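Engineer: Fold the following.
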Amino acid sequence: MTAVNAIRAFFVPILAAYPVLVYLGTYFSIIIVGNVVSFATLWLAFQGELDFANFLGVVGLVIFADISGDLAWYWLGRKLRGTKLGEFLYHRLPKHEEIEGYIKANAKKWIILSKFIPSTTFTIIFLVGWAKIDFRKFFSASLLAIFSSVAVLVALAFGLATGLSGLEAAAVFKKYERLFFLAIILFIVINFVLGKLFRALIRRGQKV
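Structural biologist: Here you go, the predicted structure:
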């Protein structure tokens with residue numbers, strides 16, 4: 001039995017008995033990890049692996065988790081400014097002063113960008129709150145970014161789930177886990193490329 005099969009054999013009966021754990025685990029994982037978990041959740045939903053009521057419920061869960069995460073990081077940055085803990089976190093964020101300057105100049109673009117560059121959501125949204133950007137301005141941009149990114153994630157999950165399904169017949173992909181990990185790797189590559197493109201477009205816009 002492989003390690004993945006052993007993990008599945010342990011967790012599947014628990015999740016079947018307590019489906020609320022699926023929701024809670026997915027919810028907090030999306031907030032902490034971000035789009036990779038969102039994509040994996042949507043991909044599994046397309047594959048029929050998640051026992052949710054319907055696909056719209058999965059999409060709703062992803063959107064709700066994204067909104068919750070943005071609100072949490074925004075208010076964390078806003079409320080911690082001027083505190084010792086806030087200063088500690090602020091000075092450990094990569095390129096914090098540079099990004100804060102960009103945010104003050106054009107917060108909306110950077111909030112949207114945070115959803116398309118891996119591992120930047122916490123840093124950017126925290127600094128949006130730290131810079132005390134108006135809440136209504138932040139929240140409207142956040143909703144636009146979330147719905148746009150989820151639409152892209154749904155399209156990618158559907159495209160990869162459909163495109164990779166033909167590989168299941170190949171000997172190397174007979175094990176479902178290998179197909180799943182291939183989908184995750186392809187998503188990370190595509191997300192990285194999209195992030196580069198969005199970053200280049202925003203920098204070009206700043207120079208005009």
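
Engineer: So for the helix or strand harbouring Ala45, mean pLDDT?
Structural biologist: Under the criterion of DSSP states H and E, Ala45 resides in helix 35-46. The pLDDT scores in helix 35-46 average 79.

Engineer: Just the CA trace of that helix, in PDB.
Structural biologist: Only the C-alpha atoms of helix 35-46 are listed here, as PDB (Å, rounded to 0.1, in the frame of the first residue of the first chain):
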ATOM      1  CA  ASN A  35      -5.200  29.200  -4.800                       C
ATOM      2  CA  VAL A  36      -3.500  25.900  -4.900                       C
ATOM      3  CA  VAL A  37      -6.000  24.500  -2.500                       C
ATOM      4  CA  SER A  38      -8.900  26.300  -4.300                       C
ATOM      5  CA  PHE A  39      -7.800  24.700  -7.600                       C
ATOM      6  CA  ALA A  40      -7.400  21.200  -6.000                       C
ATOM      7  CA  THR A  41     -10.900  21.500  -4.500                       C
ATOM      8  CA  LEU A  42     -12.500  22.500  -7.800                       C
ATOM      9  CA  TRP A  43     -10.600  19.900  -9.700                       C
ATOM     10  CA  LEU A  44     -11.700  17.100  -7.300                       C
ATOM     11  CA  ALA A  45     -15.300  18.400  -7.600                       C
ATOM     12  CA  PHE A  46     -15.100  18.100 -11.400                       C
END
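
Engineer: packing partners for the one helix or strand Leu144 maps to?
Structural biologist: Using DSSP H and E, Leu144 maps to helix 135-164. On a contact count with 3 or more C-beta pairs under 8 Å, 6 or more residues apart in numbering; DSSP states H and E, helix 135-164 meets helix 35-46, helix 55-80, helix 107-113, helix 121-130, helix 176-207. Yep, even glycine has a C-beta here, placed from its N, CA and C like the rest.

Engineer: Report the angle between it and helix 55-80.
Structural biologist: Using axes from the mean of the first three to the mean of the last three C-alpha atoms, to 10 degrees, one finds that helix 135-164 and helix 55-80 are set 140 degrees apart in direction.

Engineer: quick one: buried residues of helix 135-164?
Structural biologist: Buried positions in helix 135-164, judged by neighbour count with 16 or more other C-beta atoms under 10 Å: 138-139, 141-142, 145-146, 149-150, 152-154, 156-157, 160-161, 164.

Engineer: looking only at pLDDT, what's the mean for that helix?
Structural biologist: Per-residue pLDDT over helix 135-164 has a mean of 85.

Engineer: coming back round to it: which of the buried residues of helix 135-164 sits closest to Asp70?
Structural biologist: Closest to Asp70 out of the buried residues of helix 135-164 is Ser142 (4.6 Å), distances taken as C-beta to C-beta.

Engineer: Perfect, I'm done here.
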